[in-house]
Structure formats: structure tokens, C-alpha cells
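1. Kindly generate the corresponding structure for this input.
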Amino acid sequence: MVRCGGGKFTRFEGAVNNENLQSLQCDHIDILQQRYSQALEAHQYDALLISSGAAPMRYADDQAYPYQGFGPFVHWTGWPQLEHSWLLVRPNARPTLWVYAPDDFWHARAELPDDPWLEAMDIYLTSTPGTPTLDHCGRLAVVGDPVTLAGIAGDHNPPQLLANLEEARVRKTPYEVQCLDIANARAAPGHRAAIGAFHNGGSEFDIRLAYQAATRQPEPLAPYPSIVGLNEHAAILHYQQADNAPPERSRSLLIDAGYRYRGYGSDITRTTAGVGQGRFQALVAGLESLQRRLCEAVSPGTAFVELHRIAHLGLAALLQAADLVHGLDEETLVAEGITRAFFPHGLGHLLGVQVHDVAGKPTPPPPDAPFLRCTRTLEPGMVVTVEPGLYFIPALLQSLLQDGLGGHLNRPLLDELMPCGGVRIEDNVLVCESGHRNLTRAHLP
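-> Reported below is the predicted structural model:
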């Protein structure tokens with residue numbers, strides 16, 4: 001039952017055309033109904049009201065901050081840009097969706113896609129951003145940004161229920177896997193275009209534009225701001241700038257960029273050596289080989305913490321082979337923290353409607369891997385990133401050079417490679433019933 005007022009709507013870009021995907025999405029809604037009903041019944045709630053959220057306004061300004069929808073709302077609807085909307089979920093009852101679509105000459109209105117999954121819901125288009133009127137809901141839980149929940153009756157963001165809702169997102173449905181696969185496919189032309197722009201002498205800004213032009217997705221709609229770092233900037237893990245002018249000599253490119261499809265984002269990184277950077281190219285090739293071996297190790301029952309440790313042992317072997325360190329065995333390089341100076345972040349994370357998806361750390365990361373975002377044992381249906389790195393970060397290496405282990409480092413070679421910044425290779429990998437499927441390499445070898 002769809003109830004809406006008059007007026008025209010803008011096209012909803014995530015509309016599904018493929019019949020198989022439409023069928024998978026209907027199954028996805030059925031699965032979510034089961035999972036959320038079980039969570040509500042377990043915590044003795046009669047209904048759950050989910051807020052989409054809304055972009056907060058900047059202080060002393062009439063402009064809003066960039067907006068991304070609340071995870072559970074996107075989990076159901078695939079609408080990460082929809083604001084002031086609500087979804088009511090009850091066990092053994094049709095969900096009710098209120099879509100905020102005002103008569104507004106300032107902005108385009110949201111359009112309901114012509115997709116079969118909407119037939120499973122009662123849908124209302126509203127012209128006001130307020131909370132819907134709820135009758136006979138019984139014990140109600142309300143989840144979302146606390147700012148949007150002010151004044152609403154019910155239990156706000158009950159922690160135990162939220163934990164169950166996050167757990168419901170860990171194992172992806174076939175529909176979610178298909179969306180993530182499409183997100184990888186649509187990011188691939190962008191990465192190829194970015195590498196082409198780099199080889200043509202482009203600046204960081206030129207390369208970002210090349211990526212957006214090839215993917216046909218503006219950066220505000222992407223799952224995260226693209227990281228495009230040339231030379232030393234590749235050593236800044238979340239580099240957020242974009243120089244307009246190309247460097248005098250382009251030694252390296254690191255691009256970390258994805259695509260969002262119906263709320264699900266790919267997260268892909270590639271590193272390219274510039275002309276005449278033979279030693280750095282050897283490191284790129286070495287890390288590429290290590291990354292592929294790590295992806296091959298993804299399978300049910302594998303502890304991600306152990307995979308992270310294997311990555312450090314592999315990096316230790318690469319550092320030795322490249323003559324960056326000498327005189328210590330691989331276990332010692334890991335135990336003494338030398339590999340962490342070159343690879344300070346975690347091996348990867350869960351992926352879904354959030355880039356760093358929820359429920360990845362049921363237990364804290366080990367002390368020697370404080371930034372690891374996944375401590376789970378892998379299970380079928382999980383999608384993880386696998387992204388080892390090898391960086392020349394001045395602050396970390398300087399500290400290492402000054403302690404008692406500094407004599408084991410090849411300082412002249414470090415000085416030579418420092419202007420290249422670093423290497424990161426990242427794929428998105430689905431854990432299958434037996435083994436895995438690399439969603440990225442199917443589209444971007």
C-alpha cells in the first residue's frame with residue numbers, strides 16, 4: 001500500500017532493473033524481517049522505529065554537514081541520502097515506511113523506485129520532517145542519531161538490542177553480496193582512469209576528477225572521500241587533500257576509492273610506481289604478491305587476528321628481501337615492532353552499508369595491533385577488506401632509527417624510498433561456505 005500526494009519526483013538512482021537482483025532484494029527484506037523480529041522478541045519489544053537521520057547544520061551557518069543515512073535504515077531501504085524518514089518494524093507484521101518528500105522548490109524530491117520489494121511495506125510520503133504518529137505499538141524501541149530522537153516516546157537506542165541489530169548485518173544476504181559486487185564493478189573503471197591520469201602527469205586533483213568521471217558518481221555520493229596521494233602523500237594513511245599542481249616528478253600514486261550502489265560501498269586501493277622507480281616497483285610487486293596470498297587464506301574458520309599476524313610475517317620477509325632490514329629473523333622483526341613501523345594499521349575490516357562496518361570487534365584487538373578493526377573468526381556471508389601496507393612514515397621510522405634496533409635498518413635505502421610514500425593494495429573478499437570469492441579481482445585484476 002503506497003500512499004502519496006501529488007507532484008513530480010526525481011528519479012531514484014538505485015532503482016533495480018535486473019530481475020534476479022529484484023528477486024534477491026525481496027528475499028533480503030524477508031530475511032531482515034526474520035532477523036529483526038527475532039531481536040525484538042529476544043528483548044521483549046513489540047515494535048522498532050528506525051530513524052534515517054538528518055544532516056546537522058553547521059554552527060552559525062545555513063549550510064548542513066555532509067550526510068550519510070543511519071546504518072539500520074540503509075540496511076532495509078538502500079537509501080543513504082534520505083533524510084527525516086522513518087521505518088517501523090514489528091514481528092509478524094508488514095513494515096511501515098514514511099518517506100520525507102516535501103513540496104520544495106529548493107531541492108529535488110525523493111522518488112520511490114518501481115521495485116517489487118516495496119510491495120512488502122506500507123509506504124507513506126510525508127511533507128513534514130516530524131515523527132510519524134504511532135498507535136497501538138506496545139513496548140517501543142527507537143534507534144537512530146539521538147538528536148533526531150528527542151521527544152519521541154519509547155526506549156532510545158537500547159544497547160543490547162542495538163548489538164543484536166548490528167550482528168544482523170555481519171553475514172550478508174545474497175542481495176547484499178550482489179550489491180557489493182556491483183559496487184566493485186563500477187569502481188574498477190575509475191581506478192583504471194586514475195592510473196591513466198597519473199601516467200599522463202596529472203595532479204592529485206586531476207586524478208580525483210578522472211576517477212569521478214569514469215565512475216559517473218559524484219564524490220558526495222561515494223562511500224567515502226577518495227584518497228589520492230602522490231609521492232610522500234601516499235604515506236599519509238587518510239590523506240584528505242588534493243594538490244592542483246602535479247609534482248616536479250611523479251614517483252608514485254596511491255588511490256583508495258570506492259563506489260556506492262544502493263547503500264553498499266566498495267573499498268579498493270591500488271598503488272602504482274612512476275617511471276624510473278625500479279626499487280619502489282619491486283616493493284609494489286612484492287606487496288601485491290603478499291596481498292594475493294592473504295586473500296587466498298580467507299576462508300570459514302580463519303581468525304582474522306591470525307591473518308593479520310601472517311601479514312606481518314609476510315611483510316618481514318619482504319623487508320628482508322628488499323634489503324630494507326638485515327640481521328634479524330622474521331619473528332623478531334614482528335615481535336620487536338619493526339614491521340609495525342612500516343605497517344601501522346590493521347589488515348582490514350568488515351564491509352557493508354558502512355565502509356568500516358559494525359560488529360567487527362566482538363573482542364578488543366590485541367595490544368600489538370591496536371588499530372585492527374576486525375577480531376572475528378570468519379564465517380560464510382562476511383565480506384572483509386584485505387589491505388596490507390608498507391609505508392615510509394617519517395615519524396614512525398625516525399623513532400625506530402633512534403632506538404637500539406636502528407642499526408638493522410638500511411638508512412640509505414630508506415632515504416631513497418622515502419619520497420615514494422608507501423604501498424597499499426586492497427580488495428573486498430566474500431567468505432563462502434568453502435573458501436572465498438574476491439569481489440574486486442573479478443573486475444580489477
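2. where does the spatially most central residue of the chain fall, phi/psi-wise?
-> Central residue of the chain (Cα atoms, centre = their mean): V355, 1.6 Å from the mean position. Backbone torsions of V355, given as degrees, to the nearest 10, read phi -60, psi -50.
3. give the contact list for it.
-> 223-224, 258, 265, 267, 349 (Cβ atoms under 8 Å, 6 or more residues apart in numbering). C-beta here means a position set from N, CA and C on the backbone, and glycine is covered the same way.
4. Try it again at 6 Å.
-> Shown in contact with V355 (Cβ atoms under 6 Å, 6 or more residues apart in numbering): 223-224, 265, 267.
5. cool, and D256?
-> 227, 269.
6. got it, and P388?
-> 290-291, 311.
7. what does R169 give?
-> 75, 352.
8. Kindly recompute the last result at 10 Å.
-> R169 is in contact with 32, 35, 71-72, 74-75, 176, 350, 352-354, 357-359, counting by Cβ atoms under 10 Å, 6 or more residues apart in numbering.
9. now the contacts of V355 as TSV including secondary structure, distance to G154 and pLDDT?
-> Formatted as TSV, these follow (DSSP: H, G, I helix; E, B strand; the rest coil; distance: Cβ to Cβ, whole Å; pLDDT from 0 to 100):
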residue	secondary structure	distance to G154	pLDDT
P223	coil	31	97
Y224	coil	32	97
G265	strand	30	98
D267	coil	34	98
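10. With neighbour count as extra columns, can I get these in a markdown table?
-> Supplementary listing: these in a markdown table, determined by neighbours: other Cβ atoms under 10 Å:
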| residue | neighbour count |
| --- | --- |
| P223 | 24 |
| Y224 | 17 |
| G265 | 26 |
| D267 | 27 |
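11. ok, back up a step: quick one: the residue nearest to the centre of the chain and N164, what's the gap?
-> Shown here: V355 relative to N164, a distance of 22 Å by Cβ to Cβ, to the nearest Å.
12. picking that back up, and the pLDDT for the residue nearest to the centre of the chain?
-> pLDDT, V355: 97.
13. Distance-wise, check it relative to G263.
-> 11 Å.
14. okay, and the common contacts of those two?
-> Joint contacts of V355 and G263 (Cβ under 10 Å, 6+ apart) are 68, 223.
15. Next, the buried residues of the longest helix along the chain.
-> Looking across the chain with DSSP state H, the single longest helix is helix 174-199. Residues 174-195, 197-198 are the ones in helix 174-199 that count as buried (16 or more other Cβ atoms under 10 Å).
16. what do you get for stretch 207-225?
-> Buried residues in stretch 207-225 (16+ other Cβ under 10 Å): 207-212, 214-215, 217, 222-225.
17. just stretch 341-355 next, same as before
-> Here stretch 341-355 shows 341-355 as buried, counting by 16+ other Cβ under 10 Å.
18. Show me those residues that map onto strands.
-> Nothing among these maps onto strands, per DSSP state E.
19. Who are the contact partners of F73?
-> Taking Cβ under 10 Å, 6+ apart as the test, what F73 contacts is 50-53, 79-80, 82, 85-87, 97, 143-144, 263, 353.
20. same deal with G151?
-> 130-131.
21. Packing partners of whichever helix or strand I123 is part of?
-> Element membership for I123, per DSSP states H and E: strand 122-126. Packing partners of strand 122-126 (3 or more Cβ pairs under 10 Å, 6 or more residues apart in numbering; DSSP states H and E): strand 2-3, strand 86-89, strand 96-100.
22. now with 7 Å?
-> Taking 3 or more Cβ pairs under 7 Å, 6 or more residues apart in numbering; DSSP states H and E as contact, the helices and strands that strand 122-126 lies on are strand 2-3, strand 96-100.
23. picking that back up, what's next to the helix or strand just after the longest helix of the chain, contact-wise?
-> Later in the chain than helix 174-199, the nearest helix or strand by DSSP H and E is helix 204-215. Applying Cβ atoms under 7 Å, 6 or more residues apart in numbering, the set of residues contacting helix 204-215 from outside is 186-187, 189-190, 193-194, 196-198, 202, 218-219, 226, 228, 230, 242-244, 253, 255, 257, 259.
24. Now helix 204-215: average pLDDT?
-> 98.
25. relative to helix 204-215, how tilted is the longest helix of the chain?
-> For helix 174-199 against helix 204-215, the angle by axes from the mean of the first three to the mean of the last three Cα atoms, to 10 degrees is 140 degrees.
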